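Chemist: kindly return the folded structure for what I paste below:
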Amino acid sequence: GGNRISGDFLALYSSERFQAENLDANLRAKGLNTPGSLVEIYDYNGGIGGPIVKDRFWFFHSTRRWGTANNINNQYNADGSPAVDRSKIRAYTTRLTGQLNSKNKLTVMYDALPKTRQYFGSETGTAAPQGAAYQNQFGYDYQAKWTSTLTSKLLAEVGFSQNFLGYNLAYQPGTPGSSADNPFVAKVAVASLTYVTGSHSIKVGIQDKFGWIKNNLTNNGNMVQVYNNSAPLQVRVYNTPIVSRSNLSGDVGIYLQDSWKIKRLTLNPGIRFERFN
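Modeler: Predicted structure coming up:
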């Protein structure tokens, strides 16, 4: 994001026509009829940035959509066509930068990250498509950072960011099965103060990370049946719902670092205290 509007666009695409295949009579005789080959892969990404207020306030935005489609090893739909696993990921990123005055700058950023996958974990070919998980999740990041030049030799920085991922695996529509929901949140706060001269630089700061993660597992019927070449092999029995949570109460680091330059010699002493809970 500068003082003029500018941007770019990128498009990448490939299909099965550009992929070689090594499926031969020997592999067919061993039972491989449809290999896990590429159907298509694509990536479209565009960005634009510029001034909101010249020399004072700027923006940048990027939208990206990318994904793949792959044939699943030896798996077929009800109509006999090869089963295809499709993934789609999106990223919508926006950043704002403000020069509040000659000594203070503020930046904020938000990044939304939705994702879907039709047949999660199907690449091995050992699970029928209707028994694979459907992945439908949403994540995001946001961040803010303030930078201040207090004097010609003293720099202050303060920042905060949060990352969230709503990791989710559901069963296929109309096919009751297992579902897993594993959301997590990670938050990071940082602050530092730096004093710089021509031959000497000293910095003191703190970093803290905290958050939580949940694990929720549900299984309709509390049972998974496993087959080998259509013959019953084993049964896995569960007692769901299974719910757990882990908390990161603090991952704190406090540090002091120094740098002295004496002709061709540079000394870098430092000390750091850490606490993890």
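Chemist: ok, and what's touching the helix or strand of the chain with the lowest mean pLDDT?
Modeler: When the helices and strands of the chain are scored by mean pLDDT, DSSP states H and E, strand 223-228 comes last with a mean of 85. Strand 223-228 is contacted from outside by 178, 232-238, using CB atoms under 8 Å, 6 or more residues apart in numbering. Heads up, the C-betas are built off the backbone N, CA and C, glycines and all.
Chemist: go again using 6 Å as the cut-off
Modeler: Defining contact as CB atoms under 6 Å, 6 or more residues apart in numbering, one finds that strand 223-228 is touched by 233-237.
Chemist: who wins for most neighbours among those residues?
Modeler: Taking other CB atoms under 10 Å as the neighbour criterion, Arg236 ranks highest of the contacts of strand 223-228 with 11 neighbours.
Chemist: which strand or helix spans that one?
Modeler: strand 231-237 (DSSP states H and E).
Chemist: buried residues, the next helix-or-strand element following that strand. List them.
Modeler: Moving toward the C-terminus from strand 231-237, the next helix or strand (DSSP H and E) is strand 242-262. Buried residues in strand 242-262, counting neighbours by 16 or more other CB atoms under 10 Å, are found at 248, 251-252, 257.
Chemist: show me what strand 242-262 pairs with in its sheet, parallel or antiparallel.
Modeler: Paired strands of strand 242-262, with direction, are strand 200-219 (antiparallel), strand 265-267 (antiparallel), strand 270-276 (antiparallel) (DSSP bridges).
Chemist: next up, the contacts around the residue nearest to Ala186 when sequence neighbours are not counted.
Modeler: Leaving aside its sequence neighbours, Ala186 sits nearest to Gly211 (CB to CB, 6 or more residues apart in numbering; 4.2 Å). Residues in contact with Gly211 (CB under 6 Å, 6+ apart) are 185-187, 248.
Chemist: what strands line up against the helix or strand encompassing Ser192, and which way round?
Modeler: Assessed by DSSP H and E, Ser192 sits inside strand 178-196. Strand pairing for strand 178-196, determined by DSSP bridges: strand 154-171 (antiparallel), strand 200-219 (antiparallel).
Chemist: in the last one, what's buried?
Modeler: Same thing as strand 200-219. For strand 200-219, a neighbour-count test (16+ other CB under 10 Å) marks 201-203, 205, 207-211, 213, 216-219 as buried.
Chemist: ranges for the strands of the stretch 51-200 of the chain?
Modeler: Remark: strands assigned in the stretch 51-200 of the chain by DSSP state E, counting those that start in this stretch are 57-76, 82-99, 104-120, 133-149, 154-171, 178-196, 200-219.
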